[in-house]
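Asks: Predicted model and sequence below, questions to follow.
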Amino acid sequence: MAEVSTILSATIESLIESKKYLTLRDIFLTMQPMDIAILLGELDESRLPLMFRLLPKELAAETFIEMDSDEQELLIRGFSDAELKEVVDELFVDDAADLVEEMPANVVKRILQSADPDKRKMINEILNYPEDSAGSIMTTEYVSLRPDMTAEDAIKRLRRTGVDKETIYTCYVTDNNRKLVGYVTLKSLIMAEDETEITDIMGTDIISVTTTDDQEEVANTLSKYDMAALPVVDKESRLVGIVTVDDAIDVMEEETTEDIEKMAAITPTDKPYLKMTPFEIWKSRIPWLMLLMVSATFTGMIISSFESALAKWVALTAFIPMLMDTGGNTGSQASVTVIRALSIGDLEFSDFLKVLWKELRVAVLCAVSLAAVSFLKIQLVDVMLLGNKGITVTVNLVVCLTLAFTIICAKLVGCSLPLVAKRLGFDPAVMASPFITTIVDALSLLIYFQVASMLLGL
């Protein structure tokens with residue numbers, strides 16, 4: 001695919017140089033909007049407006065919404081009022097709202113001025129909903145039917161209004177007060193007799209969300225029930241919009257990226273990596289690095305307090321990195337597993353004791369396995385092969401017991417912190433590898449020196 005893309009880009013460049021614009025237009029007509037957006041994004045900025053103007057009106061709007069915000073802003077600033085109105089009129093309401101959210105104030109003003117009054121009102125309604133809520137990602141362009149309609153009437157309505165709707169495969173049935181009472185699929189309408197009333201073929205097992213529900217929960221609901229669209233209702237159960245599967249996929253990608261960044265101790269950002277300056281990347285990373293660096297002071301304090309013991313038993317020092325790393329790794333495994341389960345709705349705080357009991361059993365199995373392997377490794381490699389006489393059987397036992405206790409503590413800490421964070425209203429992803437590692441490092445040292453004190457008489 002990369003080779004094909006390179007060849008296509010070279011062909012486009014050659015046609016631009018030769019000013020064969022009709023040929024370029026014909027090529028664009030055979031491509032998907034996303035592929036055109038990627039291709040235009042690789043062109044020099046001075047050529048972008050000209051290439052965009054080659055696209056037919058509908059294809060231009062579909063391509064425009066797939067472009068990066070910087071490229072969109074560049075085009076908008078170069079558009080005449082008539083050109084901007086053409087693009088805005090072709091956008092679905094939710095796409096237009098997303099565009100408005102990403103643009104500077106002066107560009108937003110032009111966009112809203114170009115939209116017709118009805119669309120402007122719908123855009124403003126979506127923008128008034130809380131960020132990351134169902135209301136902020138829904139579209140108000142759906143097909144609404146009445147229970148007393150016949151299948152023939154419904155199909156006529158679809159033909160008349162469906163062209164401007166984001167989806168027509170599921171239609172929603174509302175009463176005179178716009179309350180959602182059912183749904184009917186396009187297949188049901190086509191297969192029904194003309195005189196059949198909607199109330200006789202509609203489904204009433206409605207799965208819906210409210211405007212204030214979190215967008216991640218909405219995406220998970222769509223995924224869970226394999227739905228192409230999900231109705232959004234207000235507090236009075238009135239239908240106000242729908243969330244379609246393409247919006248859910250965008251949400252999942254956005255939320256997953258945000259979780260990964262938080263788990264890596266990076267402040268989330270909407271900008272693509274290549275479009276971020278080194279200063280912006282530094283700004284997103286440095287606060288967490290400083291916090292973790294300062295928190296590691298506790299680890300240093302623990303080691304310093306046992307300097308005399310380490311001087312007496314120098315062999316103990318060699319195993320500190322292994323104990324800390326193993327503890328951090330085992331804690332991270334538990335935390336990542338729980339964070340993922342929380343994000344897709346498999347776990348709730350009410351499962352706290354179940355998770356603890358399960359991870360405790362896993363921890364014991366891991367502890368016994370790793371401690372046994374560690375004991376053999378130390379005896380065979382460190383003692384017999386490398387001839388380190390400072391490592392006695394007792395020292396080996398101290399290391400292996402510490403390893404076992406550290407693994408058990410790390411697993412329990414790793415599975416607990418995300419659940420507690422969720423309960424307190426924080427994002428569980430924050431309680432991932434960096435924080436778990438820092439906490440477990442300190443615990444492993446405390447356990448290490450406590451066991452050493454008991455067995456070696458420090």
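Replies: Nice, thanks for sending it over. Numbers count the residues shown, from 1 in each chain.

Asks: pretty sure residue 232 is in a helix, no?
Replies: No - Residue 232: not assigned to a helix; according to DSSP: H, G, I helix; E, B strand; the rest coil it is strand.

Asks: mind listing the helices for the stretch 351-458 of the chain?
Replies: Assigned by DSSP state H, counting those that start in this stretch, the helices in the stretch 351-458 of the chain fall at 352-377, 393-423, 433-456.

Asks: pull the helix or strand with minimum mean pLDDT from the chain.
Replies: Here the helix or strand of the chain ranked lowest by mean pLDDT, DSSP states H and E is helix 307-312, holding a mean of 70.

Asks: following that one, which helix or strand shows up next?
Replies: helix 320-343 (DSSP states H and E).

Asks: That following helix vs helix 352-377, what angle?
Replies: Put simply, helix 320-343 runs at 150 degrees to helix 352-377, going by axes from the mean of the first three to the mean of the last three Cα atoms, to 10 degrees.

Asks: orientation of helix 320-343 relative to helix 393-423 in degrees?
Replies: 30 degrees.

Asks: Report all helices and strands that helix 320-343 contacts.
Replies: Counting contacts by 3 or more Cβ pairs under 8 Å, 6 or more residues apart in numbering; DSSP states H and E, helix 320-343 packs against helix 245-263, helix 352-377, helix 393-423, helix 433-456. For every residue, glycine as well, the C-beta is placed using N, CA and C.

Asks: So which bits of the third one are buried?
Replies: When you say that, I think you mean helix 393-423. For helix 393-423, a neighbour-count test (16 or more other Cβ atoms under 10 Å) marks 395-419, 421-422 as buried.

Asks: Stretch 173-180 now?
Replies: Going by neighbour count (16+ other Cβ under 10 Å), the buried part of stretch 173-180 is 173-174, 180.

Asks: give the contact list for the residue in the chain sticking out farthest from the centre.
Replies: For the chain, the residue at maximal distance from the C-alpha centroid (Cα atoms, centre = their mean) is residue 389, at 52.6 Å. Residues in contact with residue 389 (Cβ atoms under 8 Å, 6 or more residues apart in numbering) are residue 383.

Asks: Enumerate every residue touching the closest residue to residue 180 other than its chain neighbours.
Replies: Excluding the flanking residues, the one nearest residue 180 by Cβ to Cβ, 6 or more residues apart in numbering is residue 239, at 4.4 Å. Shown in contact with residue 239 (Cβ under 8 Å, 6+ apart): 142, 144, 172, 174, 178-180, 231-233.

Asks: now do residue 118
Replies: So residue 118 contacts nothing (Cβ under 8 Å, 6+ apart).

Asks: how would you label it: helix, strand or coil?
Replies: Here residue 118 is helix, with the state taken from three-state DSSP.

Asks: Could you check how far it is from residue 250?
Replies: Note on residue 118: its distance to residue 250, by Cβ to Cβ, to the nearest Å, is 25 Å.

Asks: Who does residue 179 form a beta bridge with?
Replies: Here residue 179 sits in beta bridges with residue 238, going by DSSP bridges.

Asks: got a list of what it touches?
Replies: If you count contacts by Cβ under 8 Å, 6+ apart, then residue 179 has 236-239 around it.

Asks: can you check residue 384 too?
Replies: Contacts of residue 384 by Cβ under 8 Å, 6+ apart: none found.

Asks: Low-confidence regions, the stretch 201-350 of the chain specifically.
Replies: The model of the stretch 201-350 of the chain has pLDDT under 70 over residues 295, 309-311.

Asks: Break the chain down into its domains, please.
Replies: Split into domains by automatic domain parsing, the chain comes to 2-128, 144-253, 296-456.

Asks: how about the ones you listed in a markdown table, adding distance to residue 281?
Replies: A markdown table is the format used below for these (distance: least, Cβ to Cβ, whole Å):
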| stretch | distance to residue 281 |
| --- | --- |
| domain 2-128 | 17 |
| domain 144-253 | 20 |
| domain 296-456 | 17 |
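
Asks: Strands of the stretch 101-250 of the chain, start to end?
Replies: For the stretch 101-250 of the chain, the strands defined by DSSP state E, counting those that start in this stretch cover 144-145, 170-174, 180-185, 209-210, 229-233, 239-244.
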